[in-house]
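[1] Pasting the sequence and the predicted coordinates here, then a few questions.
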Amino acid sequence: EAGVTQSPTHLIKTRGQQATLRCYPISGHTSVYWYQQALGLGLQFLLWYDEGEERNRGNFPPRFSGRQFPNYSSELNVNALELEDSALYLCASSYQQGRYGYTFGSGTRLTVV
Amino acid sequence: EDQVTQSPEALRLQEGESSSLNCSYTVSGLRGLFWYRQDPGKGPEFLFTLYSAGEEKEKERLKATLTKKESFLHITAPKPEDSATYLCAVIFTGGGNKLTFGTGTQLKVEL
């Protein structure tokens, strides 16, 4: 069974630009969760999508947004990038809203210069 | 405030030296506690889920236990390949279905 796939693996952007990150969940998983892991910090919850709808949002500014497509893949957009947005962005997927656990991808390393 | 605290922040062991990692939580209505292992630059790898106090789960050299206030991850006779950051996370009533993580314990096992 293929795991959770994230693309790109690495992304370098300039301050003020926009970044788009993609997540492809395990087949059959309908929920996608996004987390930010800044250097030396724990995983901070960003967004949760289930069945195409945004279900929950973490304590992040509106320039962090996303969506879930009909095939359950998801996109995270970060507008007006700031230096402190540099982090590892992790995506997880689950079946039945987490009832059977959460599987993480390997992440996208975003560097803002 | 709902919180997950892990200790110690870092732990250095000799190969074969058993120890325990702690995860304490202050949430109302725990629905599940998860342990993950994370290698540098990688995503967290699932280890265990515990749902109720008294529950225990084992996998190779690892054993996870749960009480009403905390969980322990016991590592028996660790090997260098067990070196990683171990993360604890919870889901709880009123928290939606998102995982709330602690900041992790960085484990280093030396020969």
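    Done, it's in.

[2] Give the residue spans of chain A that score low on pLDDT.
    Within chain A, the ranges that satisfy pLDDT under 70 run A:1, A:97, A:99.

[3] That one against chain B: which residues are in contact?
    A:4, A:31, A:33, A:35, A:41-43, A:45, A:48, A:50, A:55-56, A:58, A:88, A:90, A:92, A:94, A:97-98, A:101-107, A:109 (C-beta under 8 Å from any C-beta of the partner chain). The way it works is simple: take the backbone N, C-alpha and C, and place the C-beta from them, glycine included.

[4] all strands of the chain, in order?
    No chain was given, so I picked chain A. If DSSP state E is used as the criterion, the strands of chain A fall at A:5-7, A:10-13, A:19-24, A:31-37, A:44-50, A:53-57, A:64-68, A:74-78, A:87-94, A:102-104, A:108-112.

[5] looking at chain B here, not the other one
    Remark: strands assigned in chain B by DSSP E are B:3-7, B:10-14, B:19-26, B:30-38, B:45-50, B:56-59, B:62-66, B:70-75, B:84-92, B:100-101, B:105-110.

[6] Quick one: closest of those strands to A:Ser65.
    strand B:100-101 (21.6 Å; C-beta to C-beta).

[7] Provide the strand pairings for the closest one, with the direction of each partner.
    strand B:84-92 (antiparallel) (DSSP bridges).

[8] pretty sure B:Leu111 contacts B:Glu81?
    No: B:Leu111 is beyond contact range of B:Glu81, at 11.2 Å (criterion: C-beta atoms under 8 Å).

[9] picking up where we left off before, could you pick out the buried ones from the residues of chain A next to chain B?
    Among those, the ones that count as buried by 16 or more other C-beta atoms under 10 Å in any protein chain shown are A:4, A:31, A:33, A:35, A:42-43, A:45, A:48, A:50, A:55, A:58, A:88, A:90, A:92, A:94, A:98, A:102-107, A:109.
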